[in-house]
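Asker: this one's structure only:
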C-alpha cells in the first residue's frame, strides 16, 4: 500500500497541533477541543484542521473564534517542531462526522426499541 507524502505529513501535523492546543495554548475556550483530522494539499502549503468540541455535536462560535485567533501561534509553534520548507496555512473546520455518528446511533436505538415493542 502506497501512502502519499501529504498523508504522512498530515498525520504528523495532527499530532503536533493536538499537543500544541492541549499544552501550549493558554486560551480557556480551547480546553475542550480535540483535533480529529488534518487534510493537507499535495503541495503542503495549505492544511484543513478538523476539530470537535468534546461532548457536543455543534461547534460554538467561541471555539471557532479562539482557534482562528490562535492560528498564528499554532503555525509558528508547528514550524519550530517539524522540518518543512513551508509551514502550511491553517484553516480550522468543525468536524461534523461525530454529530452524524451520534444521530445515526440514536436512530438505530429508536429502531431497536420499536422492534422490541412489535415483538
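Answerer: Perfect, I can see it now. In this text the structure is predicted, and so the values were computed from the model without any measurement.
Asker: neighbours around residue 14, how many?
Answerer: For residue 14, the neighbour count with other Cβ atoms under 10 Å is 19. Heads up, the C-betas are built off the backbone N, CA and C, glycines and all.
Asker: Begin at 30, not 1, for the rest of this chat.
Answerer: Right, with 30 as the first residue, what we last looked at is residue 43.
Asker: quick one: it is in a helix?
Answerer: Yes - secondary structure of residue 43 (DSSP: H, G, I helix; E, B strand; the rest coil): part of a helix.
Asker: That one touches residue 64, doesn't it?
Answerer: Yes - using Cβ atoms under 8 Å, residue 43 is in contact with residue 64, at 5.7 Å.
Asker: what residues are shared contacts of the two?
Answerer: residue 78 (Cβ atoms under 8 Å, 6 or more residues apart in numbering).
Asker: tell me the strands in this structure, going along the chain?
Answerer: Counting by DSSP state E, the chain has strands at residues 62-69, 75-82, 118-123.
Asker: Which strands or helices does the last one pack on?
Answerer: Which is strand 118-123. Helices and strands touching strand 118-123, by 3 or more Cβ pairs under 8 Å, 6 or more residues apart in numbering; DSSP states H and E, are strand 75-82, helix 90-110.
Asker: which residues touch residue 84?
Answerer: With Cβ under 8 Å, 6+ apart, residue 84 has these contacts: residue 61.
Asker: Please determine how far it is located from residue 106.
Answerer: Residue 84 is 26 Å from residue 106, where distance means Cβ to Cβ, to the nearest Å.
Asker: Out of the helices and strands in the protein, which is least certain?
Answerer: helix 126-147 (a mean of 81; mean pLDDT, DSSP states H and E).
Asker: Residues contacting that one, please?
Answerer: Residues from elsewhere that reach helix 126-147 (Cβ under 8 Å, 6+ apart): 65, 81, 86-87.
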